[in-house]
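Participant: Structure for this input, please:
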Amino acid sequence: MDDLVVVGGLVPSLLIDQEHLPEKVAPHVGTLDLDLGLAFALVGEQRYQKVTDRLTQAGFQSDVNDEGIQTRQRWRISDPPVTVDFLIEPENKKAKPVSLFSLTKDWAAIVAPA
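Facilitator: Numbering: from 1, shown residues only. Predicted coordinates for the structure are as follows:
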């Protein structure tokens, strides 16, 4: 999808084929977490519905925190154990960093400058 930026520990394995590395090059010891940066300008166009559709079809669902409360800004799948965190730029300079921006009833993104 042209409107997504993928960041986080999973990125190197998406960019470099880990099975065909040159000799003496160790595979990336990354994590199985993925951070998706969303552009605020595209929210009003509802262009991110495909993201939730694809994740749901792949078996992802909202994660829960240690108290069992739904975390709409982080989705998870168990096999393989992968988490996806959603980040979004502030709507304006007054937006409070580290707050949640609701995209849908079941989906939110963490407001994160830059």
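
Participant: Please make it C-alpha for all contacts and neighbour counts, starting now.
Facilitator: OK.

Participant: show me where this structure has strands.
Facilitator: 4-7, 33-38, 61-64, 70-77, 82-88, 100-104, 107-111 (DSSP state E).

Participant: Would you single out the least confident of those?
Facilitator: Lowest mean pLDDT within the strands of the chain: strand 4-7, a mean of 68.

Participant: Can you add mean neighbour count and distance to residue 51 and give the strands of the chain back as TSV?
Facilitator: Shown next, in TSV, are those (neighbours: other CA atoms under 10 Å; distance: least, CA to CA, whole Å):
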stretch	mean neighbour count	distance to residue 51
strand 4-7	13	9
strand 33-38	19	10
strand 61-64	19	12
strand 70-77	20	11
strand 82-88	21	11
strand 100-104	17	11
strand 107-111	22	10
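
Participant: List the buried residues in the lengthiest helix in the chain.
Facilitator: Using DSSP state H, we find that the single longest helix of the chain is helix 49-57. Within helix 49-57, the residues that count as buried by 16 or more other CA atoms under 10 Å are residue 52.

Participant: I am finished for the moment; much appreciated.
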